[in-house]
Structure formats: structure tokens, C-alpha cells
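Engineer: predicted model, plus sequence, below.
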Amino acid sequence: MSQAATALSGRFGGVAAGHQATVDAAADVLAAGGNAFDAIIAGMATAAVAEPVLCSLGGGGFMLARPAGEPAVIYDFFMQTPKRRPPVDALDFYPVLADFGTTTQEFHIGLGSMATPGAVAGLFAIHADLGRMPLAELLAPAAALARRGLVMTDFQSYLFSVVAPIYVARPESRAIFGSAEDSSTLKKVGERLRNPELADTLEALAAEGPRLFYEGELARRLADDCRTGGGTLTLEDLAGYRLERRKPLGVDYRGCRLETNPPPSTGGLLVAFALALMAGDPAVADALGRDHVARLVSAMAVTNEARADHASALVEDTAVERLLDPELVATYRHLRANHPLARRGTTHLSVIDVNGNAAAMTVSNGEGCGYIVPGSGIMMNNVLGEEDINPAGFHRWPEDVRMASMMAPTLLSDGQGRATVLGSGGSNRIRTAILQSVVNLTDHGMGIAEAVEHPRLHLESGLLNMEPGFSAAAQDAARGHVDRVQLWDGLNVFYGGVHAVRHDPEAGTFEAAGDPRRGGTARIV
């Protein structure tokens with residue numbers, strides 16, 4: 001069932017996110033007179049309570065902000081590698097298996113899997129630059145929710161089942177997330193999830209500021225545990241964290257302007273590269289048919305080739321010019337045309353207010369490392385344990401650099417004056433989820449809800465995963481391009497979670513949709 005609000009007049013704005021509580025916190029702030037940036041701060045804090053596997057103050061992310069009438073800017077508050085690499089044999093670092101049902105994925109957790117988190121720094125910087133309401137008011141809904149608790153939904157229970165080995169790894173985590181019936185298992189549908197220590201932390205941060213987390217008592221507890229327990233982070237790492245503001249990567253496609261996350265992250269650049277490949281393709285009417293699937297699979301395959309060929313260059317300052325160079329695109333477009341190629345936890349929030357302020361924020365905690373900072377209710381990240389963003393291998397990361405990510409909060413402006421903000425969770429599926437949603441909007445003229453819920457596919461390592469809905473001819477076409485095809489029996493969290501909002505200022509309407517694959521919902525106020 002669609003979790004969408006379509007073409008509705010709104011007095012204040014539209015919100016789409018991964019949980020009803022997240023959406024309600026942001027929408028209520030809009031209704032109280034806050035702007036899109038106030039709303040997304042409230043939503044982010046609430047997501048840390050309501051979507052704990054996907055969002056945490058111990059993680060990080062990116063926000064694309066476009067204040068009305070001004071250029072867009074990217075807030076990079078993603079994780080930073082530690083300043084020093086501890087000896088590998090001293091690290092608390094071990095594998096667990098996430099079970100998606102149709103496929104599995106290995107992650108590594110423990111104190112040795114943490115990078116320096118940026119979520120708290122991002123929250124405060126965004127508020128200082130763009131916020132209108134007092135921060136204490138924006139964090140109050142999240143604190144109240146953490147204290148009273150929320151009832152577990154089907155999606156939350158499913159997500160816990162996917163990552164159960166992480167959240168039962170330590171007694172402190174089991175105390176928060178364990179079932180009342182059996183703390184060796186996680187909370188089930190209908191049980192209430194409470195985190196009163198996180199409520200206290202949110203209120204303390206509002207009162208004391210970010211130094212509490214990066215230099216104060218919370219920092220000392222975290223650094224002490226890392227020193228004695230095989231962790232990576234020190235007080236120097238925490239105190240040295242800095243948010244980065246970046247100019248978005250902008251590309252034109254089908255008469256629209258797309259702005260997204262630039263290097264050193266790679267997701268936005270790879271979306272832009274795939275769109276550049278497809279820009280010369282003729283229009284395809286059937287969004288479920290053979291030709292549509294063939295060109296999508298071909299673009300994904302060639303993008304994967306380019307990613308592998310230019311892996312070391314993707315995070316450099318010249319990455320945009322190099323990968324989007326017309327001659328290079330033409331070379332890969334030729335490869336695509338003439339040579340058929342055989343061959344994580346994240347959540348997103350989108351907000352646009354009635355004045356045209358637009359915000360797209362993608363945040364992640366990896367999947368969580370299993371460790372809770374004592375007394376804080378904060379689960380720390382495990383991004384040093386994610387294979388997707390450690391392509392050179394574990395324990396080989398460069399010291400004290402911003403980590404790359406597939407996260408790509410995106411703004412799409414069309415020739416009719418409409419603005420759409422969107423993004424996705426989903427580890428390495430983020431770029432293909434965004435690519436397909438953009439193509440659905442631009443090439444096929446879909447509305448927001450249809451574009452988000454349309455069946456998806458994802459190609460990697462010679463395996464094409466396909467959701468149901470594509471025609472038999474399309475499935476046959478796919479088999480002609482790849483080694484293996486895996487047909488899924490339903491929409492699945494594996495394929496990401498695109499949450500999107502569109503504003504048409506001339507008509508005075510909003511469209512908003514939360515992706516049902518990740519329990520998403522939307523609201524216009």
C-alpha cells in the first residue's frame with residue numbers, strides 16, 4: 001500500500017522519511033513555524049530513536065540544503081578515519097552475517113570497527129547555519145519518544161531480524177533492544193522500545209552543546225573503552241572532527257538539473273555518470289519492458305566497469321572532471337553500445353517547506369558495532385567494518401581522512417519550476433535506487449509515489465537482482481546481458497529506500513512518498 005501524499009496543497013510543506021514518528025516530528029515542526037532545516041533536524045533526532053538500526057548519533061551522513069533563492073550546499077558530516085591505525089591483532093573486530101532472506105551480506109563489528117562519528121557535529125552546524133527554532137525545541141520530540149517508547153512495527157522487527165547478531169552482541173545493547181520475553185532475542189512486533197538514556201543525552205546536548213560528545217564526559221567514556229577494549233578512537237580523534245561544507249555536483253539530464261553529493265563520496269558521481277551514459281538514449285515508453293531493462297542493465301554494467309577502472313581516482317579533487325569528461329563518457333558509451341557486458345544500514349529524510357527551502361539528508365550508522373557508549377543510549381557505527389566502503393580491504397584505510405560513501409542526497413529541478421528532493425538508504429544499492437527513481441521521474445513522467453514504488457533491479461559482480469513486475473521479455477533481455485539473474489518474490493529492503501518530496505510552487509502543491517521497502521511514509525501539512 002502506498003505511503004504517499006500526492007499533489008496536495010500544503011500550508012507548511014511536505015516530509016517523507018522511513019518511520020511515521022520521524023515524519024510526524026518533522027511535519028509538526030513545519031506546522032509550528034519552523035523551516036525545512038528545523039524540520040529535518042527534528043526528524044534526524046527522532047530517527048535515532050525510531051530507526052535505531054539505520055540512524056544514530058554515533059554515525060554520520062550528508063545533507064543537501066537549498067535555501068530558497070540561494071545555491072545549494074552539501075553538509076558532509078560523515079565518518080572520519082582514526083588518526084592512527086592500532087595493531088590489527090589488538091582490535092576487537094569480528095564478522096557477523098546479515099540475513100536479508102534471499103541473500104546474505106557479511107559485516108564486521110566490535111570496538112575496532114568504529115570511525116569518528118559526525119552526526120552530532122552535523123546537527124549543530126545545520127542548526128547554527130540554517131535553523132530558526134531553538135534547538136531544545138527541535139530535540140524535544142525525540143527525547144519524549146525515547147522516554148515513553150514506541151511500539152515495534154513489522155518493518156522494525158524484520159530489520160532487527162536481519163542484523164540480530166549485532167544487537168544481541170553485548171549486554172548493554174540487549175538491555176535496550178532485547179525482548180522482554182527473552183533478552184537473547186530482539187524486540188518483536190507489538191513490544192515497546194524505550195531508550196531513556198538516549199532521552200537524557202538529547203536533552204544534555206541541547207543544554208551543553210556538541211563539546212559534551214566530542215570533548216566532554218561522553219568522549220572520555222568512549223575513548224577509555226576503546227583504549228582498554230581493542231577500539232580505534234581516541235580523545236584526539238573526537239576533538240579533531242570537523243564538518244565539511246561542499247558545493248554539490250551538478251549535471252543536466254532530460255531538461256532537468258540534478259544536484260547531488262560530490263567527491264570524496266562516490267554515489268552521486270556514479271549516478272551522474274550513469275545518467276550521462278543514458279542521456280543519448282531514445283525515449284522508452286514501457287517502464288517494465290525489454291528496452292527499459294536492457295538500457296538500465298547496460299548503464300549499470302558500464303558504470304561498474306568505470307568504477308573499477310577508476311577506483312583510485314573517484315575520491316580525488318579532479319574526479320568529476322575525469323569521470324564526466326565527454327571523451328571518457330563517449331568511450332564507455334561506445335563500450336555499452338557495442339559490447340554486451342557479461343558480467344547498508346542507512347535511512348533518508350526529505351523536506352521542502354512552503355517557502356521553497358529544500359533539504360535532503362541521508363544518514364547511516366553502518367549497521368551498528370554492537371557497542372553502546374556507557375550511559376548514553378548511543379549505539380556506535382561500524383563503518384570500518386563495511387566491505388562496500390573499504391574496497392582496498394580492512395585495516396588498510398588511510399589515516400585521518402573523510403570516508404567515502406554511496407550516500408547521495410539529491411535535488412532535481414525541472415523545467416516547470418518544480419523541485420524534488422530525494423535520496424535512499426541501502427549500502428551499495430543507493431546509487432541504483434536513486435538512478436532508477438530519477439529515470440522514472442524524467443524519462444517516464446511518473447508521479448512521486450509511482451516513481452518510488454516502481455520495481456527495481458540492481459547489478460553487481462555479474463548478478464542481476466530483479467524485483468517482481470518486469471515483463472517476461474524484460475527478464476529475457478536481462479539474461480542476455482549478465483551472467484546470473486535472481487528474481488525476488490516481492491519488494492525488499494535490499495533495494496534501498498527512496499523517500500522523496502516534490503514541490504510545485506506555481507500550483508501550490510506537494511507530492512511526497514516514503515518507500516514501502518523500508519517502512520517509509522509521508523505527510524503534507
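Structural biologist: Received the coordinates, thanks. Nothing here was measured: the structure is a model prediction, and the numbers come from that model.
Engineer: using PDB, write down the CA coordinates of the longest helix along the chain.
Structural biologist: Criterion DSSP state H: the longest helix present in the chain is helix 290-309. This file holds the C-alpha atoms of helix 290-309, laid out as PDB (Å, rounded to 0.1, in the frame of the first residue of the first chain):
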ATOM      1  CA  ARG A 290      12.600  -5.200 -22.500                       C
ATOM      2  CA  ASP A 291      14.200  -2.000 -23.800                       C
ATOM      3  CA  HIS A 292      13.900  -0.200 -20.500                       C
ATOM      4  CA  VAL A 293      15.600  -3.000 -18.600                       C
ATOM      5  CA  ALA A 294      18.200  -3.500 -21.300                       C
ATOM      6  CA  ARG A 295      19.400   0.100 -21.100                       C
ATOM      7  CA  LEU A 296      19.300   0.200 -17.300                       C
ATOM      8  CA  VAL A 297      21.300  -3.000 -17.000                       C
ATOM      9  CA  SER A 298      23.700  -1.800 -19.700                       C
ATOM     10  CA  ALA A 299      24.200   1.500 -17.900                       C
ATOM     11  CA  MET A 300      24.700  -0.200 -14.500                       C
ATOM     12  CA  ALA A 301      27.200  -2.600 -16.000                       C
ATOM     13  CA  VAL A 302      29.300   0.100 -17.700                       C
ATOM     14  CA  THR A 303      29.200   2.200 -14.500                       C
ATOM     15  CA  ASN A 304      30.500  -0.800 -12.600                       C
ATOM     16  CA  GLU A 305      33.300  -1.100 -15.200                       C
ATOM     17  CA  ALA A 306      34.200   2.600 -14.800                       C
ATOM     18  CA  ARG A 307      34.100   2.400 -11.100                       C
ATOM     19  CA  ALA A 308      36.500  -0.500 -11.100                       C
ATOM     20  CA  ASP A 309      38.800   1.100 -13.800                       C
END
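Engineer: name the helices or strands packed onto it?
Structural biologist: Counting by 3 or more C-beta pairs under 8 Å, 6 or more residues apart in numbering; DSSP states H and E, the packing neighbours recorded for helix 290-309 are helix 267-278, helix 326-338, helix 430-442, strand 457-460, helix 472-479. C-betas here are computed from N, CA, C, even on glycine.
Engineer: which one of these lies closest to Pro409?
Structural biologist: Distance to Pro409, taken as C-beta to C-beta, is lowest for helix 267-278 among the helices and strands packed on helix 290-309, at 8.4 Å.
Engineer: helix or strand for Asp237, just tell me which one.
Structural biologist: Per DSSP states H and E, Asp237 falls inside helix 235-239.
Engineer: can you mark which positions in that helix are buried?
Structural biologist: Residues of helix 235-239 classed as buried: 235, 237-238 (neighbour count, 16 or more other C-beta atoms under 10 Å).
Engineer: likewise stretch 283-302?
Structural biologist: Buried residues in stretch 283-302, counted by 16+ other C-beta under 10 Å: 284, 287, 290-302.
Engineer: then stretch 399-416?
Structural biologist: Buried residues in stretch 399-416, defined by neighbour count with 16+ other C-beta under 10 Å: 402-414.
Engineer: endpoints of that stretch, how far apart?
Structural biologist: Start-to-end span of stretch 399-416 (C-alpha to C-alpha, to the nearest Å) is 46 Å.
Engineer: got the contact list for Met133?
Structural biologist: By C-beta atoms under 8 Å, 6 or more residues apart in numbering, the residues touching Met133 are 29, 32-34, 38.
Engineer: so which residues of the stretch 351-500 of the chain form strands?
Structural biologist: Assigned by DSSP state E, counting those that start in this stretch, the stretch 351-500 of the chain shows strands spanning 358-364, 372-373, 378-379, 410-413, 419-425, 457-460, 463-466, 484-487, 497-504.
Engineer: great, nothing more from me.
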